[in-house]
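A.B. asks: build the 3D model from these lines:
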Amino acid sequence: MRSKVRGDRIQSKRKALGWSLRRLAEEVGADPVTLWRIERGLRTPKVDLFYKLAQALRLKPEELLR
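C.D. replies: Numbers count the residues shown, from 1 in each chain. I've put the predicted structure just below:
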């Protein structure tokens with residue numbers, strides 16, 4: 001089975017940090033719409049963005065996978 005990014009974990013951690021979608025987008029250098037789609041499972045981030053998200057959210061990369 002292929003691992004998938006857990007958009008709900010990204011959203012949960014983002015909110016726990018008190019960050020808006022726009023703030024997370026600024027932190028990782030991505031478009032807020034792209035992150036919105038990732039959080040809802042409509043899109044999978046490319047590898048570089050995946051690692052930037054994990055770092056910005058202070059998570060281990062494997063914590064973003066199911």
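A.B. asks: now the helices for this structure?
C.D. replies: For the chain, applying DSSP state H gives helices covering 7-16, 21-28, 32-39, 47-56.
A.B. asks: can I get those helices in TSV including distance to residue 64 and mean neighbour count?
C.D. replies: All C-beta atoms are positioned from the backbone trio N, CA, C, and that covers glycine. Formatted as TSV, the entries for those read as follows, by distance: least, CB to CB, whole Å; neighbours: other CB atoms under 10 Å:
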stretch	distance to residue 64	mean neighbour count
helix 7-16	6	16
helix 21-28	12	16
helix 32-39	10	17
helix 47-56	6	16
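A.B. asks: among those helices, which comes closest to residue 66?
C.D. replies: For the helices of the chain, proximity to residue 66 was assessed by CB to CB; helix 7-16 is nearest, at 8.5 Å.
A.B. asks: elements contacting the closest one?
C.D. replies: helix 32-39 (3 or more CB pairs under 8 Å, 6 or more residues apart in numbering; DSSP states H and E).
A.B. asks: dump the helix it packs on to PDB, restricted to CA.
C.D. replies: Output of helix 32-39 as PDB, limited to C-alpha atoms (Å, rounded to 0.1, in the frame of the first residue of the first chain):
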ATOM      1  CA  PRO A  32      -2.300  29.000   0.000                       C
ATOM      2  CA  VAL A  33      -4.700  27.300  -2.500                       C
ATOM      3  CA  THR A  34      -2.200  24.500  -3.000                       C
ATOM      4  CA  LEU A  35      -2.000  24.000   0.800                       C
ATOM      5  CA  TRP A  36      -5.800  24.100   1.100                       C
ATOM      6  CA  ARG A  37      -6.000  21.300  -1.500                       C
ATOM      7  CA  ILE A  38      -3.400  19.300   0.300                       C
ATOM      8  CA  GLU A  39      -5.200  19.600   3.600                       C
END
